[in-house]
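Trainee: Just need the structure, nothing else, for what follows:
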Amino acid sequence: MLYYLGRNTIEVLKTIKLLNENCISLYIKNYNIETLNDKCEINPLSQFMIEILNSVSTMERTAIRQRVKSGYDFYRKNGGKVGRKEGYKKDDEAILAEHKDAVKLLKQGLSVRKVMKLTDKSSGTIQKVKKLIETK
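Mentor: The predicted model follows:
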């Protein structure tokens, strides 16, 4: 049976660290090694593999960051603009008008979660509306 510890290297490293801290040994079948020995000490070979994974993770993050920056630079160089469009931000009254149903329910004393379910809006939107109501 095959199990995955995480979706990326960072997640896997965090999981292995958590397991080690709680004295839970992880058996890696591909390499026939365990992360901890019988005395709950870290296995040097597994530690070496984890360090390699950590280095690969660092290289991966750096490469992604460089590709994103390169893409932005190329886009800007060719006349593109990055960020929100001009005039995108709505004023407080426009937000309250757009979300009248949420305003009504919040004023009735319903919880944010309940309003989310009833209006099918995100928690961020409901929180923003609630904050605007409280400041008025």
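
Trainee: Helices along this protein, start to end?
Mentor: Using DSSP state H, the helices of the chain run over 9-21, 44-77, 92-98, 100-107, 112-119, 123-135.

Trainee: among the ones you listed, which is nearest K29?
Mentor: helix 44-77 (12.7 Å; C-beta to C-beta). Placement of C-beta: from N, CA and C, glycine included.

Trainee: tell me the domain boundaries of the protein?
Mentor: If you go by automatic domain parsing, the domain ranges for the chain are 9-77, 92-135.

Trainee: circling back to that earlier point, can you redo the helices of the chain as a markdown table with distance to E34?
Mentor: Formatted as a markdown table, these follow (distance: least, C-beta to C-beta, whole Å):
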| stretch | distance to E34 |
| --- | --- |
| helix 9-21 | 11 |
| helix 44-77 | 7 |
| helix 92-98 | 55 |
| helix 100-107 | 53 |
| helix 112-119 | 43 |
| helix 123-135 | 42 |
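
Trainee: Pipe those helices into CSV and attach distance to Y27 and mean neighbour count per row.
Mentor: What follows is those, written out as CSV (distance: least, C-beta to C-beta, whole Å; neighbours: other C-beta atoms under 10 Å):
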stretch, distance to Y27, mean neighbour count
helix 9-21, 11, 15
helix 44-77, 10, 12
helix 92-98, 53, 13
helix 100-107, 50, 16
helix 112-119, 41, 16
helix 123-135, 40, 14
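
Trainee: that older thread, wait, which of the domains of the chain is closest to G83?
Mentor: domain 9-77 (10.3 Å).

Trainee: now the closest one: mean pLDDT?
Mentor: Averaged over domain 9-77, pLDDT sits at 87.

Trainee: oh, and call the first residue 115 from now on, that's how I've got it
Mentor: Sure thing, new numbering starts at 115, so read that last one as domain 123-191.

Trainee: Just give me how far that domain sits from the chain centre.
Mentor: Computed by C-alpha atoms, centre = their mean, to the nearest Å, the separation of domain 123-191 from the middle of its chain amounts to 17 Å.

Trainee: Could you do stretch 199-213 as well?
Mentor: 27 Å.
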